[in-house]
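J.: requesting a structural model of the entry that follows:
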Amino acid sequence: MHLYAVVAANSILVYDHIVTLQKEITFIWRRPKALSATLFLLNRYVALLGNVISLCIAFLPISDELCEIHVIQTIALSFANNHHLPRARNARLCPLRL
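T.: This next block holds a predicted model:
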């Protein structure tokens with residue numbers, strides 16, 4: 001069920017990009033660049049890139065070794081930033097054999 005939600009959310013995001021592309025070209029790309037335009041473009045395309053990467057991670061199989069490295073890095077970063085451990089959201093992809 002989780003993967004269906006990920007696909008649906010990304011479909012809506014891509015649909016929004018396609019539908020609003022003409023307005024983006026008119027109001028952002030054809031005008032002098034201001035800070036607001038730069039922030040808009042960063043927000044729009046960083047979000048799209050992050051979602052594409054999330055889709056790849058969700059659907060592409062990875063080896064146990066790479067998964068363990070990813071989990072260790074995630075735990076270390078989470079502990080350093082928040083002082084707590086994250087949920088194992090990719091446990092179905094790579095169960096750790098401890």
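
J.: how many residues are close by residue 14?
T.: Counted with other CB atoms under 10 Å, residues neighbouring residue 14 total 13. (Glycine included, C-beta is placed from N, CA and C.)

J.: distance of residue 53 from residue 10?
T.: Residue 53 sits 11 Å away from residue 10 when distances are taken as CB to CB, to the nearest Å.

J.: oh, I was asking about residue 18
T.: Taking CB to CB as the measure, residue 18 falls 13 Å from residue 10.

J.: neighbour count for the two, which is higher?
T.: residue 10 (16 against 9).

J.: next up, the contacts around that one.
T.: Residues near residue 10 by CB atoms under 8 Å, 6 or more residues apart in numbering: 51-52, 54-55.

J.: any weak-confidence spans in the protein?
T.: In the predicted model, the chain carries pLDDT under 70 at residues 1, 80-98.

J.: hey, where'd the helices end up in it?
T.: Taking DSSP state H, the helices of the chain run over residues 2-19, 21-24, 35-59, 64-82.
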